[in-house]
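Chemist: Could you look at this predicted model? Sequence included:
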Amino acid sequence: MDEKTARKYRDSRKLPSTLRQPRTYRTRKDPFAEVWPQVEALLRKEPGLQAKTVFDWLRKQPPGKFQASHRRTLERRVRHWRVTCGPAREVMFRQVHQAGDLAASDFTEMNSLGVTIAGERFEHFFSSS
């Protein structure tokens, strides 16, 4: 590490990860900006559609407009839309517990304590579960 960088971290008395500010601007133009309303309408109508299917549909609209490298961008946009604007997902918690499924045991040898019963040494393990 450079001395100047180390000095900066030392003097700020903060972790390097907390010094970095989150970026609030885009680094490139959004390739889906003009077709996003159509994509959003399609997702509202058919919420189960996968982003890959939507991307294949978009590539057929005006051929050559979207490159294969744009697919990952659309997948991120669709995932973000589903979390923020999409339909609520059903949440289920399993209530049936199988015997031994969640068991945890701790076996500790207690012979070193020298426990005696009626004057005779008792060799045993301590088990808690």
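Modeler: Yes, it's here.

Chemist: which residues in the protein form strands?
Modeler: 106-109, 116-117, 120-121, 125-128 (DSSP state E).

Chemist: Could you tell me the least trusted of the ones you listed?
Modeler: Across those, strand 125-128 has the smallest mean pLDDT, namely a mean of 60.

Chemist: tell me what the lengthiest helix in the chain is packed against?
Modeler: As assigned by DSSP state H, the longest helix anywhere in the chain is helix 71-84. For helix 71-84, the packing partners by 3 or more Cβ pairs under 8 Å, 6 or more residues apart in numbering; DSSP states H and E come out as helix 36-45, helix 51-60. All C-beta spots, glycine's among them, are computed from the backbone N, C-alpha and C.

Chemist: As TSV, those with distance to R89 would be great.
Modeler: Shown next, in TSV, are the helices and strands packed on helix 71-84 (distance: least, Cβ to Cβ, whole Å):
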stretch	distance to R89
helix 36-45	14
helix 51-60	16
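
Chemist: Please identify which of those is closest to P87.
Modeler: If you check each of the helices and strands packed on helix 71-84 against P87 by Cβ to Cβ, helix 36-45 wins as the nearest, at 8.5 Å.

Chemist: C-alpha coordinates for the closest one, PDB please?
Modeler: Output of helix 36-45 as PDB, limited to C-alpha atoms (Å, rounded to 0.1, in the frame of the first residue of the first chain):
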ATOM      1  CA  TRP A  36     -39.000   0.300 -20.900                       C
ATOM      2  CA  PRO A  37     -42.700   1.300 -20.700                       C
ATOM      3  CA  GLN A  38     -43.500  -1.500 -23.200                       C
ATOM      4  CA  VAL A  39     -41.400  -4.000 -21.100                       C
ATOM      5  CA  GLU A  40     -43.100  -2.900 -17.900                       C
ATOM      6  CA  ALA A  41     -46.600  -3.300 -19.400                       C
ATOM      7  CA  LEU A  42     -45.600  -6.700 -20.600                       C
ATOM      8  CA  LEU A  43     -44.300  -7.700 -17.200                       C
ATOM      9  CA  ARG A  44     -47.500  -6.400 -15.500                       C
ATOM     10  CA  LYS A  45     -49.600  -8.400 -17.900                       C
END
